[in-house]
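Student: Here is a sequence together with a model predicted from it:
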Amino acid sequence: MQSCASPTPLRPPAGRARSRAALGLVIVLLAACFAALTPTPARAADNLLSQGRPATASSTENGSFPASAAVDGNTGTRWSSAFADPQWLQVDLGSVQQITRVTLNWEAAYGKSFQIQTSTDASTWTTVYSTTTGTGGTQNLTVSGSGRYVRLYGTVRATPYGYSLWEFQVYGPGSTTPPDSFWGSTSDIPAANNAVEVKILNRTNGKYPDSQVYWSFNGQTHSIAEQPYLDMPANSAGRMYFYLGSPTSAYYDFIEFTVGNNVFNGNTTRVDAFGLKIAMRLHTKDGYDAEVGENRATFAEDRATTFQRFVNAVPNEFKVLAQTQAPYRIIAPGSDPSFRSGGANAGYFTSYAQSVGVSAATSDIFGCAGSLASNPTMCAALNRHVATLSSSQQSDPSQFYKAAPANYYAKFWHDNAINNLAYGFPYDDVAGQSSFISHANPQWLLVAVGW
């Protein structure tokens, strides 16, 4: 198990079933972060931005060499193009980022003439590096520019074969362009005396006044009208809860985290259920700035609209999830009786799981419990319906949820999340798809609570 200085995803302990999926996430944070209380400070200009991000290409040699293989962090897998010029490979960083360096780890088939280009819309491109004397091997290219999309654009191959990369790595400070008014002013956030300053934001679109938006942590409960800030101390594992209307309201939700003396690790979660729209933004002293949670469009709409969109988006088996505890929660499928033993959908995953040699209850597949508690890759593959595909395709988000059976509850939250990152089931961190944020030198954390 890695330390949180090299973040361990929020996963349940191997071989241990959980009555509540999210509880396992918190337990792992406790174990993972003892080593993170004094992490090695991150270099502001040396964050890897591309790993696990969605990648596309002009072509592939065949299905064994997908675009995603160049950004999966595995130097044993690669992208390879058709044997023709020109060709390109691009990665979506999720938001506009400053770019300082690109590393190309070429296979034997490399580019002699190529450009590194950036774009904000994947349509209009700016060249930040160009060469006609490419050398192959591993090339570390210093660049200066910004963009959400970064691509290698090859015009002359060095061999009769295509362009082939073991890894395409894009680096930068990790700070995004200034966010929109959703987050409000950050210049007045007090300096933390403890580990990180937390500010709670009312984003209920006028449904509730600040006096009826509550937060609760470690025995403290306040409305944001009386106390919008929390100077959070280091803690081994915890949750911060949010309530609308009253401190005991059935309209509630939470974030999960561990906070060291010099590191923040945390996430928004839909592992158990959707209760309230939640987004959080972490800003650190070295310039890193990242946000996760529900996207702007979801925050902007009424709660009833979100519930109805869920019902409209998911197959019939999943519609009940928005009805069982409505209007308070949309529950995860593993918690609904219809997907458990004796329920109408208890066999939802049975045949598909058996086709790849897995004998597990449908509820255990949704919850990554039982025999799947120690097999994160398989549990994620079953939930995403990619278990019969190659290992590289199992890490390619463009392949996820294309057919049933699949966890369409998780799909909905990914489709409605910032950068499509969400914790829809316990092992949703496989291939870097979860809403987990980890960084040293935390300065402040904003948490937006919506209706």
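Tutor: Nice, thanks for sending it over.
Student: Which parts of this protein belong to which domain?
Tutor: Under the assignment automatic domain parsing, the domains of the chain span 1-41+193-451, 47-172.
Student: Of all those, which one is nearest residue 182?
Tutor: Nearest to residue 182 among the domains of the chain is domain 1-41+193-451; the distance by C-beta to C-beta comes to 6.0 Å. From N, CA and C alone the C-beta is placed, and that goes for glycine too.
Student: Quick check: which element contains the residue sitting furthest away from the middle of the chain?
Tutor: Largest separation from the mean C-alpha position in the chain: residue 160, at 38.5 Å (C-alpha atoms, centre = their mean). Taking DSSP states H and E as the definition, residue 160 sits outside all helices and strands.
Student: Any regions of the stretch 201-350 of the chain where pLDDT drops low?
Tutor: The stretch 201-350 of the chain contains no residues with pLDDT under 70.
Student: Where do the helices of it begin and end?
Tutor: According to DSSP state H, counting those that start in this stretch, the stretch 201-350 of the chain carries its helices in the segments 296-300, 303-313, 316-319, 350-355.
Student: would you list these in CSV and tack on mean neighbour count and distance to residue 391?
Tutor: Output for the helices of the stretch 201-350 of the chain, formatted as CSV (neighbours: other C-beta atoms under 10 Å; distance: least, C-beta to C-beta, whole Å):
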stretch, mean neighbour count, distance to residue 391
helix 296-300, 15, 32
helix 303-313, 16, 29
helix 316-319, 16, 28
helix 350-355, 14, 17
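Student: As a markdown table, those helices with distance to residue 119 would be great.
Tutor: Below are the helices of the stretch 201-350 of the chain laid out as a markdown table (distance: least, C-beta to C-beta, whole Å):
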| stretch | distance to residue 119 |
| --- | --- |
| helix 296-300 | 21 |
| helix 303-313 | 29 |
| helix 316-319 | 36 |
| helix 350-355 | 38 |
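Student: Bridge partners for residue 216, pull those for me.
Tutor: Counting by DSSP bridges, residue 216 is bridged to residue 221, residue 241.
Student: what's the distance between it and residue 246?
Tutor: Counting by C-beta to C-beta, to the nearest Å, the separation of residue 216 from residue 246 is 11 Å.
Student: higher neighbour count, those two?
Tutor: Between residue 216 and residue 246, counting by other C-beta atoms under 10 Å, residue 216 is the more crowded of the two (17 against 11).
Student: For that one, which residues are in contact?
Tutor: Taking C-beta atoms under 8 Å, 6 or more residues apart in numbering, we find residue 216 in contact with 240, 241, 242, 243, 247.
Student: and residue 142, what pLDDT?
Tutor: In this model, residue 142 is scored at 93, pLDDT.
Student: Using a markdown table, lay out the domains of the chain together with distance to residue 181.
Tutor: As requested, these are exported to a markdown table (distance: least, C-beta to C-beta, whole Å):
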| stretch | distance to residue 181 |
| --- | --- |
| domain 1-41+193-451 | 10 |
| domain 47-172 | 16 |
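Student: For residue 183, find the nearest of those.
Tutor: Using C-beta to C-beta, the nearest of the domains of the chain to residue 183 is domain 1-41+193-451, at 5.6 Å.
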